[in-house]
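*Asks:* generate coordinates for the sequence data below:
(one chain, ligands or ions: 1)
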Amino acid sequence: MVKLHNCEKCRFRAVAEKKPDSILAKLWRWHTGWCPGWKAYQKELRERGGRPG
Ligand code: SF4
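*Replies:* Here you go, the predicted structure:
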């Protein structure tokens, strides 16, 4: 089984999804535009045939 990047269990992401209007959520969304870790996670999801995000 392929191991996904830690984004799946990321606490920062969990907080952002729980409170989408918070400053933390805005910061989290901003980081998805450039963060290599997030991009690697998205690539892994695509390779597994899963939905992005
Ligand atoms: S890349 Fe972003 S979403 Fe993934 S673990 Fe790091 S902070 Fe969390």
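*Asks:* for the protein, what lies in contact range of the ligand?
*Replies:* Along the chain, the residues adjacent to the ligand under the rule C-beta under 6 Å from any ligand atom are 6, 7, 10, 12, 13, 31, 35, 37, 38, 41. Heads up, the C-betas are built off the backbone N, CA and C, glycines and all.
*Asks:* just the buried ones out of the residues you listed, please.
*Replies:* Buried subset of the residues of the chain next to the ligand (neighbour count, 16 or more other C-beta atoms under 10 Å): 7, 10, 13, 38, 41.
*Asks:* show me these that map onto helices.
*Replies:* Within these, membership in helices is found for 13, 38, 41, as judged by DSSP state H.
*Asks:* related to what we said a few turns ago, now the buried ones among the residues of the chain next to the ligand as CSV including distance to residue 24 and pLDDT?
*Replies:* As requested, those are arranged in CSV below (distance: C-beta to C-beta, whole Å; pLDDT from 0 to 100):
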residue, distance to residue 24, pLDDT
7, 15, 95
10, 12, 96
13, 10, 97
38, 15, 96
41, 19, 94
